[in-house]
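>>> mind looking at a prediction? Sequence and model below.
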Amino acid sequence: MAAHFDLPDIKLFVNIAEANSLTRGAERSHMSLPAASIRIKNLEEGLGVKLLYRTSQGVTLTPPGQAFMHHARLVLQQLTDLRGDLAEYVKGSRGHVRIFANTTAMAEFLPALLPKFLATHPDVNVDLKERLSHDIVRAVSEGKVDVGIVAGNVRTEGLEVLPFQEDRLVLVTSETHPLASRERIEFSEALAYDFVGMVEASAIHSFLAQAANALHRQIKIRIQVGNFEAACRMIDANVGIGVVPYSAASRHAKSMGIRMVEISDEWAIRKLQICIRSMQALPLFARELVELLVSEGAAMVAAEVV
């Protein structure tokens, strides 16, 4: 027999789980404690599993309770998204797409592609934010964003993954720097020198800091800048060296006195991927955006090969 529960049950359960307390969860749900207790008891009986461990210190989730909590949050998030989408209709806008992307995608590829989509979808808004790849995967899995663009070395179990772009991170030096003549270098060796870094809020700053921490080292930052062009200009002026996507470094090398050195660490190879929870579940305009990113990304890769 199918279990029956309604939206108030889901909201109540989430409030109790987040508060680790039946009493506080009931208060958050504007419900009396006896009424809340009965609802949770009926919910557990209907599902045929125990959702909460009850102790004198409060309540904690059982394994089935953790599974229920995961799906309950998704349901509530989808309801929030539904209200937001309907509100967009009221404002005269048909749709809204939320995208999280890593630094390379944000700076190097999306600025050329998103205007094409927006030009053909005048009633659709795009909310674009920069995040680390593992944070992007988590946000997509939890339904907080519609589309994620991540580095290919991050785990994406349970998500649909599509190819987007290929790039690699390179070490950039001035023409007169001691490392300028090198063809290949390990990141650990480069850490002996001063760096030009991106601002702390950028995903690539956090990524490189983690790579240095894995080596039990720290990056010696001389200055932080807001984009790859500014970084290359500082490097050209001998302020320090930096790690930059090849696509950006090769473009700026045409007008600046900088050199590119291959980084031998595995993480330097960047196969960017699009991750979504379900292509079929996306609204039509969001599917069209993903299809555009995949096709245009493939065309850009093919053009670079030629």
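Received it, and whenever you're ready, just let me know what you need. Model, not experiment: these values are computed from the prediction.
>>> would you map the helices across the stretch 1-150 of the chain?
7-19, 22-28, 33-47, 63-91, 103-104, 110-120, 133-141 (DSSP state H, counting those that start in this stretch).
>>> same for the fifth one, what does it pack against?
This points to helix 103-104. strand 160-174, helix 203-214 (3 or more CB pairs under 8 Å, 6 or more residues apart in numbering; DSSP states H and E). The way it works is simple: take the backbone N, C-alpha and C, and place the C-beta from them, glycine included.
>>> pull the first one out as CSV, backbone CA atoms only.
Written as CSV, here are the backbone C-alpha positions of strand 160-174 (Å, rounded to 0.1, in the frame of the first residue of the first chain):
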residue,chain,number,x,y,z
GLU,A,160,24.0,13.7,-16.6
VAL,A,161,27.3,14.9,-18.0
LEU,A,162,27.9,16.4,-21.4
PRO,A,163,31.2,17.6,-23.0
PHE,A,164,31.7,21.4,-23.2
GLN,A,165,35.3,22.5,-23.8
GLU,A,166,38.9,21.6,-23.4
ASP,A,167,41.6,23.7,-21.9
ARG,A,168,44.6,23.4,-19.7
LEU,A,169,46.3,25.6,-17.0
VAL,A,170,49.8,26.8,-17.8
LEU,A,171,52.4,28.6,-15.9
VAL,A,172,52.9,32.1,-17.3
THR,A,173,56.2,34.0,-16.8
SER,A,174,57.8,37.1,-18.1
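>>> name the residue most distant from the centre of the chain?
The outermost residue of the chain relative to its centre, with distances by CA atoms, centre = their mean, is residue 34 at 41.5 Å.
>>> for residue 126, see how far away that residue is.
48 Å (CB to CB, to the nearest Å).
>>> worst average pLDDT in the helices of the stretch 1-150 of the chain?
Lowest mean pLDDT within these: helix 63-91, at a mean of 78.
>>> any idea how far it is from the middle of the chain?
Distance of helix 63-91 from its chain centroid, counting by CA atoms, centre = their mean, to the nearest Å, is 19 Å.
>>> elements contacting it?
By 3+ CB pairs under 8 Å, 6+ apart, helix 63-91 packs against helix 7-19, strand 95-101.
>>> tell me the strands beside the shortest one, with direction?
Sheet pairing here is set by DSSP bridges, and for strand 95-101 it gives strand 124-130 (parallel), strand 147-151 (parallel).
>>> and the last one with helix 110-120, angle?
Counting by axes from the mean of the first three to the mean of the last three CA atoms, to 10 degrees, strand 147-151 lies at 160 degrees to helix 110-120.
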